[in-house]
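In: sequence first, predicted coordinates after that:
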Amino acid sequence: MTRLTTLKAPAVIALCCSVGGIALVGCDDSSNTDSKPTKSSSAERKAADAEGKLLTGTEKITVAGHSVNVSCSGTSADDRPVIVLLSGGGDDLKKMAGLQKTLSKKDRVCSYDRLGQGASDKPSGPQTFKSTGKILTGVLHQVAGDRPVVLAGHSLGGIIAARYAPDHQDKVKGLALLDATSPTNTTDVTNAIPASATGEAAELRAQSLAIFKGQNPEQLRIPDGEVRAAGDIPVQVVKHGKPYLAAVPEYGPALERSWTQGQREWLKLSSNSRLSVAKKSGHYIYVDQPDIAVKAVQRVAAQAATR
């Protein structure tokens, strides 16, 4: 896999993270150090038994012949879905540990490293939404058993959740999309930044398109596609409010408009969709305004529990 170079301008680096859903070197925001998943204790094992012998703590599980790093915490009533967190590209499950800790006070919450992320195996070759969905299915089987789930995804994790849900309506009963990668990411970039662009803009355009074609740690191809409906499940779309993409010289405002339209496109997932804006947040909403992220996920979980 070709290694991409990192652009120097902070705004351009941030743009590559958000548009591609992939964190390049320098993109990670390390301010979210609230907590880290820990290995299972004997007390946690007993809690796991109470949950139907589902794992609790941080463990490596085997899914489709691959080692996948998984973390689960918290318990919940039988009528509550299991919340599963999907981090953005370039991040691992530790990135969302603070969000998981808070949510697990009321619900069973799990997160995992996709192939190519964190402590999980590297992919054996190029990945598609179908193949990464196969791993997700295996993870859900082991962390949720027969219970329904709510998927809460940030950036690349958001588009993966949104592409997965329509084909798995028997399992996925709600979605929380935190500044999810646009369903038309390639078109967004090529329309906003013309092929004639020069300098940093040209570098950004080329780098982003390479990421979408699979030149990223997960080797995941991220093609444009129509938004397919997932019935009437509750869907909460949360968009960043700080227009940081507009800081990219000349082409930033167009990228912001495209990103906003992409968030609106995700509303087509369900007849029960809602869009909100985290006014003080950049791309990492669950870091900048964690209370908004928590409330969004809990709202979806509560609605899913009544269905």
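Out: Thanks, I have the structure now.

In: quick one, helices of the stretch 51-200 of the chain?
Out: Residue ranges of the helices in the stretch 51-200 of the chain, as given by DSSP state H, counting those that start in this stretch, are 97-103, 129-144, 156-164, 185-192, 199-212.

In: can you put those helices in a markdown table and add distance to residue 222?
Out: Any C-beta I mention is one placed from the backbone N, CA and C, and that applies to glycine too. Listed next are these as a markdown table, based on distance: least, C-beta to C-beta, whole Å:
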| stretch | distance to residue 222 |
| --- | --- |
| helix 97-103 | 23 |
| helix 129-144 | 8 |
| helix 156-164 | 7 |
| helix 185-192 | 6 |
| helix 199-212 | 5 |
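
In: quick check: which of the ones you listed is buried the most?
Out: The highest average neighbour count among the helices of the stretch 51-200 of the chain, using mean count of other C-beta atoms under 10 Å, belongs to helix 156-164 at a mean of 26.

In: check the offset of it from the chain's centre.
Out: 6 Å (C-alpha atoms, centre = their mean, to the nearest Å).

In: how about stretch 114-121?
Out: Using C-alpha atoms, centre = their mean, we find the averaged C-alpha position of stretch 114-121 to lie 14 Å away from the chain's own average C-alpha position.

In: residues of it that come out buried?
Out: Using 16 or more other C-beta atoms under 10 Å as the burial criterion, the residues of stretch 114-121 that qualify are 114-118, 120-121.

In: looking at those residues, which is nearest residue 199?
Out: The shortest separation between residue 199 and any of the buried residues of stretch 114-121 is 30.4 Å, and it belongs to residue 116 (by C-beta to C-beta).

In: distance of the closest one relative to residue 65?
Out: Using C-beta to C-beta, to the nearest Å, we find residue 116 at a distance of 15 Å from residue 65.

In: with mean pLDDT and distance to residue 294 added, can I get the helices of the stretch 51-200 of the chain in TSV?
Out: As requested, the helices of the stretch 51-200 of the chain are exported to TSV (pLDDT from 0 to 100; distance: least, C-beta to C-beta, whole Å):
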stretch	mean pLDDT	distance to residue 294
helix 97-103	98	5
helix 129-144	97	20
helix 156-164	98	16
helix 185-192	96	27
helix 199-212	93	29
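
In: and those helices: which comes nearest residue 82?
Out: With respect to residue 82, and counting by C-beta to C-beta, the nearest of the helices of the stretch 51-200 of the chain is helix 129-144 at 4.1 Å.

In: other SSEs contacting that closest one?
Out: For helix 129-144, the contact count by 3 or more C-beta pairs under 8 Å, 6 or more residues apart in numbering; DSSP states H and E identifies strand 57-63, strand 66-73, strand 82-86, strand 109-112, helix 156-164 as packing neighbours.

In: starting at the chain centroid, how far to that helix?
Out: For helix 129-144 - counting by C-alpha atoms, centre = their mean - the centre lies 14 Å from the chain centre.

In: can you give the contact residues for that helix?
Out: In this structure, residues lying in contact with helix 129-144 by C-beta atoms under 8 Å, 6 or more residues apart in numbering are 54-55, 61, 63-64, 66, 68, 70, 72, 82, 84, 86, 110, 112, 114-115, 149, 160, 163-164, 167-168, 171, 218, 220.

In: check stretch 285-305 too.
Out: Among residues not part of stretch 285-305, those counted as contacts by C-beta under 8 Å, 6+ apart are 29, 31-32, 79-81, 83, 96, 98-99, 102-103, 106-107, 148, 150, 152, 154, 173-176, 178-179, 233-236, 238, 240, 242, 272, 276, 278, 280-282.

In: number of residues surrounding residue 265?
Out: Counted by other C-beta atoms under 10 Å, the residues lying close to residue 265 total 17.

In: which ones are touching it?
Out: Taking C-beta under 8 Å, 6+ apart as the definition of contact, the neighbours of residue 265 are 182-184, 227.

In: in TSV: the residues you listed, plus pLDDT.
Out: Written out in TSV, the entries for these read as follows (pLDDT from 0 to 100):
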residue	pLDDT
182	97
183	98
184	97
227	98
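
In: of these - the most surrounded one?
Out: residue 182 (26 neighbours).

In: so what's that residue closest to, chain neighbours aside?
Out: Among residues not flanking residue 182 along the chain, residue 262 sits closest, at 2.7 Å (C-beta to C-beta, 6 or more residues apart in numbering).
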